[in-house]
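J.: I would like the atomic coordinates for the input below:
(2 chains)
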Amino acid sequence: MATVVELHNETQRARTLVLDVPDWPGHRAGQHVDVRLVAEDGYQAQRSYSIASAPETAAVSLTVERLDDGEVSPYLCDALGVGDGLEVRGPIGGYFVWDFAQGGPLLLVAGGSGIVPLMAMLRHHAAADAGARAGVPVRLLYSARHLGDVIYRAELEQLAACPEIRTSFALTRDAPPDWNGYRRRIDRAMLEEVGWPVAEMPHAFVCGPTPLVESVANLLVELGHAPARVRTERFGPTGS
Amino acid sequence: MADTPFIARGFHSRRAPATPGRLPPGQYETRDFPVLSAGPTPRTPLAKWDFTITGTDARSVRWSWDELRAFPRETPKVDIHCVTKWSKFDTTWEGISVDTLLNAARGGGVQDAPFVMAFSDGGYTTNLPLADLTDGKAWVVFGYDGAALPPEHGGPARLLVPHLYLWKSAKWVRGLRLMPNDQPGFWEQLGYHDRGDPWREQRYQGDA
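T.: The predicted structure is shown next:
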């Protein structure tokens, strides 16, 4: 049983739950947990949420995006309070993970709340000493609808000050007049501009809604990246 | 999960209840068809596609795309259950019963063995007892909802084993390898349950 120790509103629709989880066995960056909610009448609902915190951090953080027609995320985003208990199981998943020892370079591509497991990787990277970090350069490409939807924006700006980390943003719906990032969906030209040359053999992690993940993973393979180096995590409906 | 449920204060169902007995524990019904896979969608030209069943003595039978589709077809209408908690009711597929393929393989000299590893383009594997693939419980399908199976859902062909969690229904399947002993496949090596029966909620290692 976890206890909520802190809550942070990241954006209008995303909230971070900081959990104290007794007997937490530790996790790897990229893993998720299952959250189970049980109502008084016995009705239960389970969902998976990515872990946002680094393995080096004792508390386990989840960042949850509120889906208006959802049933678990509105509870987690609106009803849950500090001090409340929460039933979590995990960590789960052993493929969409990155350990510092796997090395780099890293290409992280996020769509929307797909940034969450990639943030755990960035925080894991940031926890290493400066000398080690310099040997594992990271490029992040983060696509969101509006600037206000960008989760962890201040922290990502801080990370981008590190010489080995380059962040790029694509806003797909609207952007401020002075916006100097991309103003379109992720495409082949963008991946060529901000990604790594194939010869660098990056480890690519792509997380977001299915259409974005499907498109980006296919483009990376078309560009010549080995499929086995492109790991994906998808969520949301496909509409197909 | 714990035996005594912790009541989430103020939590109530927001969904219309599913037909009693139709939704396995911990699942919710979706009308969408979510996509989950660990890497890029593989694309093998049909001219180079084949399907192989290999016995424990390495004897094997192999069918081209056209040869596989020439077997008698079935159109199962089934409920499917993904370990990520969604279930989808009344999905309709078109393909060949694994019974049919195993019979043909026996005719080609491939002998039965108690376990099977399904293998796919892209390197994916998943293990099953042979008994979970026989007696009308499993198909190799190439049609979904009246059309060709889309690549992101496993086309050109995937395994369909609807009584187990959907990771057992290997997308982009290219064959079955019979095994004398059980061996873990891709997700089974990464902490997921060896068998994956949704009605027993066998999601992860350690579940009953």
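J.: The lengthiest helix in chain B: which residues count as buried?
T.: For chain B, the longest helix by residue count, based on DSSP state H, is helix B:98-107. Within helix B:98-107, the residues that count as buried by 16 or more other CB atoms under 10 Å in any protein chain shown are B:98-102, B:104-105. The way it works is simple: take the backbone N, C-alpha and C, and place the C-beta from them, glycine included.
J.: Would you mind pulling up the elements that it packs against?
T.: strand B:50-54, strand B:139-144 (3 or more CB pairs under 8 Å, 6 or more residues apart in numbering or on different chains; DSSP states H and E).
J.: ok, back up a step: out of the buried residues of helix B:98-107, which is nearest to chain A?
T.: Of all the buried residues of helix B:98-107, B:V98 has the smallest distance to chain A: 25.8 Å, by CB to the nearest CB.
J.: if you go through chain B in chain order, where are the helices?
T.: B:65-69, B:98-107.
J.: Tell me who's in contact with B:L160.
T.: By CB atoms under 8 Å, 6 or more residues apart in numbering or on different chains, the contact list for B:L160 reads B:76, B:78, B:93, B:95, B:138-141, B:169.
J.: swap the cut-off to 7 Å and go again
T.: B:76, B:93, B:95, B:138-139, B:141, B:169 (CB atoms under 7 Å, 6 or more residues apart in numbering or on different chains).
J.: Tell me how far it lies from B:G143.
T.: 11 Å (CB to CB, to the nearest Å).
J.: Mutual contacts of the two, please.
T.: B:93, B:95.
J.: Find the nearest non-adjacent residue to residue 74, please.
T.: Since you didn't name a chain, this refers to chain A. A:R66 (5.8 Å; CB to CB, 6 or more residues apart in numbering or on different chains).
J.: try chain B instead
T.: Looking at B:E74 with CB to CB, 6+ apart, the closest residue is B:S97, at 5.4 Å.
J.: For chain B, what lies in contact range of chain A?
T.: B:1-2, B:5-15, B:26, B:28, B:32-42, B:84-85, B:122-123, B:150, B:152, B:190-191, B:204 (CB under 7 Å from any CB of the partner chain).
J.: Now do the contacts for the closest residue to B:Q27 other than its chain neighbours.
T.: Take B:Q27 and drop its neighbours on the chain: the residue closest to it by CB to CB, 6+ apart is B:S87, 4.4 Å away. By CB under 7 Å, 6+ apart, B:S87 lies in contact with B:23-24, B:27-29, B:79-81.
J.: Likewise for A:L122?
T.: A:138, A:159.
J.: same check, this time on the one 4 residues further on
T.: Under the criterion of CB under 7 Å, 6+ apart, the contact list for A:A126 reads A:L159.
J.: Let me know the distance separating the most centrally placed residue in chain B from B:L36.
T.: For chain B, B:S169 is the residue whose C-alpha lies nearest the centre (CA atoms, centre = their mean; 1.2 Å). The gap separating B:S169 from B:L36 is 11 Å, by CB to CB.
J.: deepest of the helices and strands packed on helix B:98-107, which one?
T.: When you average the neighbours per residue for each of the helices and strands packed on helix B:98-107 (mean count of other CB atoms under 10 Å in any protein chain shown), strand B:139-144 leads with a mean of 23.
J.: How about residues contacting it?
T.: With CB under 7 Å, 6+ apart, strand B:139-144 has contacts from B:51, B:69, B:74, B:76, B:93-98, B:101, B:148-149, B:153, B:155-160, B:173.
J.: now do 8 Å
T.: Outside strand B:139-144, the residues that touch it by CB under 8 Å, 6+ apart are B:51, B:68-69, B:74-76, B:91-98, B:101, B:148-150, B:153, B:155-160, B:173.
J.: partner residues bridging the residue nearest to B:E74?
T.: Judged by DSSP bridges, the bridge partners of B:S97 are B:W139.
J.: hang on, the earlier thing: wait, what's in contact with the residue nearest to the centre of chain B?
T.: B:80, B:154, B:158-162.
J.: now do B:R73
T.: For B:R73, the contacting residues are B:94-96, by CB under 8 Å, 6+ apart.
J.: What helix or strand is the nearest residue to A:L76 once chain neighbours are set aside located in?
T.: Among residues not flanking A:L76 along the chain, A:V64 sits closest, at 4.6 Å (CB to CB, 6+ apart). Per DSSP states H and E: A:V64 is located in strand A:60-65.
J.: what's the very next helix or strand once past that strand in contact with?
T.: In the C-terminal direction, the helix or strand that comes right after strand A:60-65 (DSSP H and E) is helix A:73-74. With CB under 8 Å, 6+ apart as the test, helix A:73-74 has contacts from A:47, A:64-68, B:14.
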